[in-house]
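>>> My questions concern the predicted model and sequence given below.
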Amino acid sequence: MRESEISTAPIPVQGPDPVVEPRRRFPRPPAAWWLALALGLLTVVLLARGHRDVGYVRDEGIYFEASRSYAAWVAEVAEHPSRISDRKLRDQRFASNHEHPVLMKTLAGLSARAFAAPPAGEPTTPLPAGSSGGMPEGAAMRLPAQLLAGLGVALLFLVGYAWGGLGAGLLAAGWFILLPRVAFNAGLHAFDVPVAVASLGVALAYRAGLRRRAWGVAVGPLLGIAIAIKHNALFLGPLLALHYYACLAWGRWRHGHAITRAQWLPLPLVSMAVLAPLVAFALWPWIWSDTTARLLEYFDFHRQHSWYNMEFLGHNYNQPPMPMSYAAVMTWATVPTVLLLLAALGLGLGVRNELRAPAHAPTVAPRFAFPLPEGWSRLDAVWLGLLGLFPIALISLPSTPIFGGTKHWITAYPFLALAAVVAWRELWRAVEAPPRYARALSVGALALCLGPSAIATIDGHPYNLSQYAPLAGGPRGAADLGLNRGFWGHAMHELWPTLEQAPGPIQLHDMHELARQQYEREGRWPAHLAPGPARSIRSGLLFYELHMTADEINLWERLGTTAPAQVLSLDDVPLTSLYVEPIEDPHSRH
Amino acid sequence: MSTPTLSRRVARGLLGTVAAVALVEWIASAVVYRPALSPSDWEAAASTVTALPQDEPVWLGTPWLGPRARLHLPRLARWDAVAPPDLRGAPRFHVLGRDGDAWAPTLQADLEDLPPPALVSTRALGGLALYSYEQPAAGTMLAGFVESARALQLETDQGGCRASGTSWRCDGGRVELATIEVGYRPRRCLKLELDDGTTVRLRYPGMTTGNVLRGHLGVHDFNARLRSDAPVRVRVLVDGQRAAQWLVSDAQGWWPFAVHTEPGTHDVELELSPATRGTWQRGGYDGGQLHAPCVELRALQEGAP
């Protein structure tokens, strides 16, 4: 067919893309691919090693449990394929944590089966006989998310490189992964960085799909995969459709192009509308039965999500509305200002370029499979702006439940990183640095821009959920401002030796019991230290948040002391205290 | 090569701005991403604070340092440091904080209607500093319901309450000396867990009084406050005569009240009537999930006796 011939052949360059001008594109030599691979692998290795020191966050405890169950189903179906249609088995295996899709948890469970060491002591659920690896089970379960983070870094580097050369590629990758909050979340068995990377993949596929049939087809399944990771991806389809019709309108009204019937409902949108739901459905066995009821339950769960407690500027919010400035202020407080400045400049310069771009007549007629051929602007600035600002705007809405964590708009960051690339390219092109100094200047500027993030991440490890940007004053500045200190009961690293000495029973506070059981499975939890009911405890953990004050007071009352045995701090700011019942109360209760 | 969309001058200006912001962030990073307090700072603070007169309270100018201060300094783990009702009764006091944190919003709140205290000295202790203040208007505390809890006599309409140390079991509920959370801060007070409609009377016979009785009432904790708006009726009786009455809601936080008295010895009674005991949970009203008021009352001599 003519369409397929056209779609597989290189499309002739007819006019400049206002933001990414094809004739200015840097070639993408194999070296760039190797470098992308190296950066991706380096990311995975650093996350895999570094996150051995990151405690298990509350949600992970639940995901670990669910992952074992999901992977057991895969193993059973692999062994007895007919059991795929056994509804009772599916419901039994996938009931756990069914408010989230299962892709990452299933991959995590399979990773554990492949790489995890057998559990220590008396396991709650034994690892399968086939387990042959030597990794701690939690580390093995974190691996799929870490691999996706590596893929995200590689993708950002490649796009940045294609748009502006080596420095731009490094800027894009570093902008994203060097952020303390991104580095922290990227190593967890969770869905936030995976869905951010998947969103990037979908958006890039969509952008390519506007001119190439293969990507136009691929974007649907990719969106299905993204939806199977986390519900944030549900917004991608409408956002990309909005972008597409904005491109049509721009082409029509700004450049005078005629809109053809083939452009009304193009392949990328059809693929997203048809293939994405099918793929998402196929990847979530829980909804294979009772589909409508279970989907409604899923949507309701997120639409009417519990209101978390979240401290913001010294106030605890647990009833909506959260101040509309919350997401914007927290973005500033957790992302170095220089990176935000670059992203803002990139969006501004991108818009400026679009406004100044002359019209070019398309020589190829738009088709269903390539609806925006050369000559039609893909409005990259709008594409980046929509995808980079929508997640922050959504969380800012007064009607949005109080989620709290910056991870909830982490999907914005890959696109803000690419916006920064636009600024980087435009500024260096226009500045006309003397050729003999250009490289040194560029390297110096890159180090200047990425340094604050990198320093913050190194400083904050393994507690980067509590790290803040330098202009916010780091952890001390955030504590002064009254910003959240952490919310997942994971900050434990330096407490382990003292915990060995602590008497039981212990109050776990915000550490989830399933996270504690995971430590136990891996032989990390002191054998003598069972959790116990509040009335019988002899020691207790306290993870600091404003609304946890009542819990600390209860610990004082129960243990008869206000003095902790150990305080774990990040740059002086207490994150976790371990309280122990005094043998002879040295200095409390006066 | 197409023409750059920016002029060289503008591009240089923007790039310079980016570099300047980055440079400022590098410098800030060097300052903020390292501990500012060393063990020797805490040792210096411990020896300095230990040498202070015992009747001069020490409070925190950097509230978030609380756990570390309590770990290193026994004096900061005392109830008068951890959960003061306000800043009254302390004509001279000290504030320990990071260098520069001479005062804190928590102290400002506890100042209530007192005039600002006078900073009389500052002692540098490495990354910490000890600030000493004088507050002539603070008055002198003569007696308190919390401080003399064992001397209290409690009763409800059903009869007297049985005391066990600093807790009482009554027909219709219980009362105990406790630390509670009000406004995300600890407060030491007498906590009431009373059945719906029960009134309890807390009597301090022969209380030494000055010219004013000052107290506070608050409701523990943020979860209960979120799930009930039940008010509490508070009455203060002196020698059997009602001196004051208020209806207080939990939205009023750590609510201060005052009653003028004649200096001397008086029978002082607090009569408290919480409207309901429990809270409204997902499944409806739950009397087991407490909405517990907590009260404290002190006799002070303020100004000229």
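That came through, no problem. Predicted, not measured: the structure shown is a model, and the values here were computed from it.
>>> interface residues of the stretch 201-305 of chain B facing chain A?
B:220-223, B:226 (Cβ under 8 Å from any Cβ of the partner chain). Placement of C-beta: from N, CA and C, glycine included.
>>> Tell me the buried residues within those residues.
Neighbour counting over these (16 or more other Cβ atoms under 10 Å in any protein chain shown) leaves B:220-223, B:226 as the buried ones.
>>> what's the neighbour count on the residue lying closest to B:Tyr33 once chain neighbours are set aside?
Closest residue to B:Tyr33 apart from its sequence neighbours, by Cβ to Cβ, 6 or more residues apart in numbering or on different chains: A:Asp459 at 3.8 Å. By other Cβ atoms under 10 Å in any protein chain shown, the residues close to A:Asp459 number 20.
>>> ok but A:Asp459 is inside a helix, no?
Yes: under DSSP: H, G, I helix; E, B strand; the rest coil, A:Asp459 sits within a helix.
>>> before we move on, what SS does A:Leu147 have?
Under the three-state scheme (three-state DSSP), A:Leu147 adopts helix.
>>> Please report how far the nearest residue to it once chain neighbours are set aside lies from chain B.
Nearest non-adjacent residue to A:Leu147, counting by Cβ to Cβ, 6+ apart: A:Val44, 5.7 Å away. Going from A:Val44 to chain B by Cβ to the nearest Cβ, to the nearest Å gives 25 Å.
>>> burial measure for A:Val44, as a count.
Neighbours around A:Val44, by other Cβ under 10 Å: 21.
>>> pLDDT on the biggest strand by length in chain A, on average?
In chain A, taking DSSP state E as the definition, the longest strand is strand A:573-580. For strand A:573-580, mean pLDDT is 98.
>>> Isn't A:Ser577 up against B:Arg68?
No: applying Cβ atoms under 8 Å, one finds A:Ser577 not in contact with B:Arg68, separated by 9.0 Å.
>>> ok, these two, which is more surrounded?
Using other Cβ under 10 Å, the more surrounded residue of A:Ser577 and B:Arg68 is A:Ser577, with 26 against 20.
>>> Now the more buried one: closest residue in space that isn't a chain neighbour?
A:Pro564 (3.8 Å).
>>> that older thread, any common contacting residues for A:Ser577 and B:Arg68?
Common contacts of A:Ser577 and B:Arg68 (Cβ atoms under 8 Å, 6 or more residues apart in numbering or on different chains): A:Val567.
>>> what about the residue nearest to A:Ser577, distance to A:Pro366?
67 Å (Cβ to Cβ, to the nearest Å).
>>> do the same with A:Asn464
46 Å.
>>> List the residues that contact the nearest residue to B:Pro91 once chain neighbours are set aside.
Of all residues not flanking B:Pro91 in the chain, B:Ala138 sits nearest, at 4.9 Å (Cβ to Cβ, 6+ apart). Going by Cβ under 8 Å, 6+ apart, B:Ala138 touches B:87-91, B:114, B:117.
>>> which parts of the stretch 51-200 of chain B sit against chain A?
B:64-68, B:70-71, B:74-75, B:77-80, B:82, B:98, B:105, B:178-181, B:184-186.
>>> Report the buried members of the residues you listed.
B:64-68, B:70-71, B:74-75, B:77-80, B:82, B:98, B:178-181, B:184-186.
>>> Which of these fall in strands?
If you go by DSSP E, these have B:98, B:178-181, B:185-186 in strands.
>>> now for those, which pair is the farthest apart?
The distance between the two most remote of those (Cβ to Cβ) is 31.0 Å, for B:Arg98 and B:Ala178.
>>> got a list of contacts for stretch A:545-554?
By Cβ under 8 Å, 6+ apart, stretch A:545-554 touches A:309, A:311, A:314, A:316, A:318, A:482, A:484-487, A:509-510, A:534, A:542, A:544, A:577, B:179-181, B:184-186, B:220-223.
>>> And stretch A:196-208, how far out from the chain middle?
On the basis of Cα atoms, centre = their mean, to the nearest Å, stretch A:196-208 sits 14 Å off its chain's mean C-alpha point.
>>> tell me how far the ends of stretch A:354-371 are from each other?
With Cα to Cα, to the nearest Å as the measure, stretch A:354-371 spans 19 Å from end to end.
>>> Leaving out the residues flanking it, which one is nearest to the spatially most central residue of chain A?
For chain A, the residue sitting closest to the mean C-alpha position, by Cα atoms, centre = their mean, is A:Val193 at 1.8 Å. The shortest distance from A:Val193 to any non-neighbouring residue, by Cβ to Cβ, 6+ apart, is to A:Ala186 (4.3 Å).
>>> who's in contact with that neighbour?
A:43, A:47, A:145-146, A:149, A:152, A:177, A:193.
>>> Return the member of the residues you listed nearest to A:Ser453.
A:Ile177 (8.9 Å).
>>> Pull the number of nearby residues for A:Asn464.
26.
>>> ok, which residues in the stretch 351-500 of chain A are in contact with chain B?
So far as Cβ under 8 Å from any Cβ goes, the stretch 351-500 of chain A lies against chain B at A:352-353, A:356, A:423, A:426-432, A:445, A:448-449, A:451-452, A:455-456, A:459-460, A:469-471, A:473-477, A:479-480.
>>> Restricted to helices, list those residues.
A:352-353, A:356, A:423, A:426-431, A:445, A:448-449, A:451-452, A:455-456, A:459-460, A:474-477, A:479-480 (DSSP state H).
>>> Which strands or helices does the longest helix anywhere in chain B pack on?
Longest helix in chain B by number of residues (criterion: DSSP H): helix B:8-32. Applying 3 or more Cβ pairs under 8 Å, 6 or more residues apart in numbering or on different chains; DSSP states H and E, one finds that helix B:8-32 contacts helix A:337-356, helix A:413-431, helix A:435-460, helix A:474-481.
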